[in-house]
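> here you go, sequence then predicted model.
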Amino acid sequence: MPMTQIEQLLAIEAIKRLKASYFRFVDTKDWEAFASLFAEDVLFDISSGHFDCILHSPREILEVVTPRLRDCVTVHHGHCPEITITSDTTAEGVWAMEDKLRWAEGSDSPIRALHGYGHYHETYRKIGGEWRIQSMKLTRLRLDTEPWEAAG
């Protein structure tokens, strides 16, 4: 039996909360909670921009993202979600996004800061009664970076 309109609205709200948690957990560096947001067979594609990588599991995401953001203050914002429920257990979404990252003095980052704009294109799957991110591709409209020499 297909989802009712109320069930669809509740699913959309749960997915919005999932993405809000994504932004909060990455910015507060709550890595265990961050990893719990993804399906085990996630496709995490951040090849558009500074990090340039595609990852395939929550563990792989943590192994790559954690050291790169260790000495970095991050601010991620997501706006204007376009979420479509595609079945009782699947959904798709697009989020407008903006992020600001600033690395601490002494960091091994090749840049001092970045300010990006773009979209997250995502799919979601309901697993064990909870929505998880199944795939995520970040596309950038603009990426402004600040080299270390410009820091002052």
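Looks like it arrived, so ask away. Residues are numbered from 1 along each chain as shown.

> show me the helices in the protein, by range?
5-28, 31-35, 58-69 (DSSP state H).

> so which of these gets nearest residue 41?
The closest of those to residue 41 is helix 58-69. By Cβ to Cβ, the value is 9.7 Å. For every residue, glycine as well, the C-beta is placed using N, CA and C.

> which parts of that closest one are buried?
By 16 or more other Cβ atoms under 10 Å, the buried positions in helix 58-69 come out as 58, 60-62, 64-65, 68-69.

> how much does that helix deviate in direction from helix 5-28?
Counting by axes from the mean of the first three to the mean of the last three Cα atoms, to 10 degrees, helix 58-69 lies at 40 degrees to helix 5-28.

> residues touching the spatially most central residue of the chain, list them.
Computing the C-alpha centroid of the chain and ranking residues by Cα atoms, centre = their mean puts residue 22 first, at 5.8 Å. By Cβ atoms under 8 Å, 6 or more residues apart in numbering, the residues touching residue 22 are 34, 37, 76, 78, 133.
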